[in-house]
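Chemist: Test case, fold it:
(2 chains)
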Amino acid sequence: GDSVTQMEGPVTLSEEAFLTINCTYTATGYPSLFWYVQYPGEGLQLLLKATKADDKGSNKGFEATYRKETTSFHLEKGSVQVSDSAVYFCALSDQGNTPLVFGKGTRLSVIA
Amino acid sequence: GAVVSQHPSWVICKSGTSVKIECRSLDFQATTMFWYRQFPKQSLMLMATSNEGSKATYEQGVEKDKFLINHASLTLSTLTVTSAHPEDSSFYICSARAGSTEAFFGQGTRLTVV
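Modeler: Have a look, this model is predicted:
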């Protein structure tokens, strides 16, 4: 079945450091790919998405590119802030009205 | 994006009582909603898929008599934790899709059973 593997955390960075969180996937079809963010005590918010190969999703300084050849969707940000501290989930969707398949989540802590 | 509202945000109940959690899609119709459970510092565990007008589909290992799901309309699904016990304490999250690619999530409900 479909699966998502993302790097284990926790990740601790200093403010203004460069962030990469790796995500790879396995899917039989051509899934849509997502990054969600969860702040403490809250639900998940969509951060960015890409629906086809070579698409780049971006939002709030975060970027991820759908790489079909490497089945990857790595999340990057050039300069993290303390407010970016959260748990980040990579996910895929194979078709409508089925549950998303999530990675295990990566906890990011940014220190001033 | 679309909004999914989940209520209550937190609830404390006594062991043996039942608790109902509501999940509403505010600006779209959700034929399918999903209920997740999240343990501290862990990922989301899918509990069940809720389909409007029909019975929910439960994941393996989830007790359907313990976690009652009702999807009475295209905008409302409810999860009732029956005869709750301390081991049911957790963070419960609902999400909805309406045929779109992404899923929209409620704010989550922190259930504490004492």
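Chemist: contact partners of the lowest-mean-pLDDT helix or strand in chain A?
Modeler: Of all helical and strand segments in chain A, the minimum by mean pLDDT, DSSP states H and E falls on strand A:101-102, at a mean of 91. When contacts are defined by Cβ atoms under 8 Å, 6 or more residues apart in numbering or on different chains, strand A:101-102 is touched by residues A:1-4, A:25, A:36, A:89-94, B:43-44. C-betas here are computed from N, CA, C, even on glycine.
Chemist: is it true that A:Lys77 touches A:Ser58?
Modeler: No - when contacts are counted by Cβ atoms under 8 Å, A:Lys77 is not listed as touching A:Ser58 (9.9 Å).
Chemist: In terms of packing, which of those two has more residues around it?
Modeler: With neighbours defined as other Cβ atoms under 10 Å in any protein chain shown, A:Lys77 and A:Ser58 compare such that A:Lys77 has more, 21 against 14.
Chemist: Tell me the spacing between that one and A:Tyr36.
Modeler: 15 Å (Cβ to Cβ, to the nearest Å).
Chemist: who in chain B is up against chain A?
Modeler: Chain B comes close to chain A at residues B:1, B:4, B:6, B:31-32, B:34, B:41-44, B:46, B:49, B:93, B:95, B:97, B:99-108, B:110, as judged by Cβ under 8 Å from any Cβ of the partner chain.
Chemist: Check the residues you listed for burial and list the buried ones.
Modeler: By neighbour count, with 16 or more other Cβ atoms under 10 Å in any protein chain shown, the residues of chain B next to chain A hold B:4, B:6, B:31-32, B:34, B:43-44, B:46, B:49, B:93, B:95, B:97, B:101-108, B:110 as buried.
Chemist: What's the local residue count around residue 60?
Modeler: If you meant another chain, say so; for now it's chain A. Using other Cβ under 10 Å: A:Lys60 sits among 12 other residues.
Chemist: try again with chain B
Modeler: The burial count for B:Gln60: 4, using other Cβ under 10 Å.
Chemist: roughly how far apart are it and chain A?
Modeler: Per Cβ to the nearest Cβ, to the nearest Å, B:Gln60 is found 13 Å from chain A.
Chemist: low pLDDT regions in chain A?
Modeler: Residues of chain A meeting the criterion pLDDT under 70: A:96.
Chemist: Can you name the residues of it sitting close to chain B?
Modeler: A:32, A:34, A:36, A:41-46, A:49, A:51, A:89, A:93, A:96-97, A:99-100, A:102-105, A:107.
Chemist: List of residues touching the helix or strand hosting A:Tyr36?
Modeler: For A:Tyr36, the enclosing helix or strand under DSSP states H and E is strand A:32-38. Residues outside strand A:32-38 that contact it (Cβ under 8 Å, 6+ apart) are A:23, A:25, A:44-52, A:57, A:62, A:64, A:66, A:73, A:75, A:86-93, A:100, A:102, A:105, B:101-102, B:105.
Chemist: continuing past that strand, what's the next helix or strand?
Modeler: Downstream of strand A:32-38, the next assigned helix or strand under DSSP H and E is strand A:44-50.
Chemist: what's near enough to touch the nearest residue to A:Lys104 once chain neighbours are set aside?
Modeler: Leaving aside its sequence neighbours, A:Lys104 sits nearest to B:Ser43 (Cβ to Cβ, 6 or more residues apart in numbering or on different chains; 4.5 Å). When contacts are counted by Cβ under 8 Å, 6+ apart, B:Ser43 is found next to A:89, A:102-105.
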